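> Structure here, sequence nowhere to be found:
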């Protein structure tokens, strides 16, 4: 469980969706909820500046940070925190494109990150875990199983298997087997569905996640770094469900 849930707020619809998601998870985990707002570099013209106020209903004040956004959050968030940010057409900060800024944030921050789009989750069900390699399979599947068990909903383990020649499928490796074993040992009552596909990973995962409550992914880049791989990059740009990045 994260030590703290850090949520970025700016008064926009996506940030309110992120705040609701973070507050629910923080309450369930019994962890502190911390709200942060990165000041606009053009402070006098920032249309959200007056809207960012203490939120007594969440028992938290807003911590103001100096820009720029990625480095400000990277300095503030600890490795054992979970950073929660919203995503929409305007992105985390008003007037910015999420495809650029959100990926910069995910690349800069070494903690786990949840990226929450402004979508109606009331009629969604299930948790999807994207399994990409053996060394992260257990961590990703365990995080996804924890979420699925808390919701009492099924868990979908999905792995895209491609050969060095991207046009051809290759044989499954041990990653999906490790992920399934981790879940069945730790959560024996959980309904688990396993899918191995030759479709490109972003396409396959986004297709399964479109009706899901959560998509859980690994860090994307090499273990021990904060770099993003192309799969995680493409999913964040096109997120159609809340995305939890496990590190």
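Yes, it's here. From a predicted model like this one, the values you see are computed outputs, not experimental measurements.
> Quick check: which element contains residue 18?
helix 13-29 (DSSP states H and E).
> Sheet-wise, list the partners of the following helix or strand past that helix with their directions.
Using DSSP H and E, the helix or strand that follows helix 13-29 towards the C-terminus is strand 33-38. Its sheet considered, strand 33-38 pairs with strand 5-8 (parallel), strand 62-65 (parallel) by DSSP bridges.
> Please list the outside residues in contact with the first one.
To tie it back to what came earlier, the one meant is strand 5-8. For strand 5-8, contacts defined as Cβ atoms under 8 Å, 6 or more residues apart in numbering pick out 15, 18-19, 22-23, 25-26, 29, 31-38, 73, 76-77, 81-86, 92, 111. In this view, the C-beta of every residue, glycine as well, is placed from N, C-alpha and C.
> mind listing what residue 75 touches?
residue 65.
> On the three-state scheme, it is what?
Put simply, residue 75 is helix when judged by DSSP: H, G, I helix; E, B strand; the rest coil.
> Going forward, the N-terminal residue is numbered 35.
With the count now opening at 35, the last piece we talked about shows up as residue 109.
> Contact partners for the closest residue to residue 280 other than its chain neighbours?
Nearest non-adjacent residue to residue 280, counting by Cβ to Cβ, 6 or more residues apart in numbering: residue 177, 4.7 Å away. By Cβ under 8 Å, 6+ apart, the residues touching residue 177 are 163, 250, 278, 280.
> and of those residues, the nearest to residue 138?
Closest approach to residue 138 among those (Cβ to Cβ): residue 278, at 18.7 Å.
> Can you say which helix or strand has that closest one in it?
Here residue 278 sits within strand 277-279, counting by DSSP H and E.
> partners of residue 229 in the sheet?
Beta-bridge partners, per DSSP bridges, of residue 229: residue 192.
> The least confident helix or strand in the chain by mean pLDDT - contacts with which helices or strands?
Across the helices and strands of the chain, mean pLDDT, DSSP states H and E gives its lowest value to helix 132-142, namely a mean of 75. For helix 132-142, the packing partners by 3 or more Cβ pairs under 8 Å, 6 or more residues apart in numbering; DSSP states H and E come out as helix 103-110, strand 116-121, strand 146-151, helix 264-271.
> Looking at those, which is nearest to residue 93?
Once those are compared by Cβ to Cβ, strand 116-121 is nearest, at 16.1 Å.
> Describe which strands that closest one pairs with in its sheet and in which direction.
Assessed with DSSP bridges, strand 116-121 is paired to strand 39-42 (parallel), strand 146-151 (parallel).
> Can you give the contact residues for that strand?
36, 38-42, 46-53, 55-56, 59, 107, 111, 126, 132, 136, 139, 143, 145-152, 270, 273.
> are any of the residues you listed buried, and which?
36, 38-42, 46, 48-53, 55-56, 59, 107, 111, 126, 132, 136, 139, 143, 145-151, 270, 273 (16 or more other Cβ atoms under 10 Å).
> Now for residue 93, how many residues are close by?
12 (other Cβ atoms under 10 Å).
> Which elements pack onto the helix holding residue 52?
By 3+ Cβ pairs under 8 Å, 6+ apart, helix 47-63 packs against strand 39-42, strand 67-72, strand 116-121, strand 146-151.
> Low-confidence regions, the chain specifically.
75-90, 123-134, 196-207, 255-261 (pLDDT under 70).
> Return the distance of the strand holding residue 278 from the chain's centre.
2 Å (Cα atoms, centre = their mean, to the nearest Å).
> Return the list of helices and strands in contact with it.
Counting by 3+ Cβ pairs under 8 Å, 6+ apart, strand 277-279 packs on strand 146-151, helix 168-185, strand 248-251, helix 264-271.
> can you rerun that using 10 Å?
strand 116-121, strand 146-151, strand 161-164, helix 168-185, helix 235-243, strand 248-251, helix 264-271 (3 or more Cβ pairs under 10 Å, 6 or more residues apart in numbering; DSSP states H and E).
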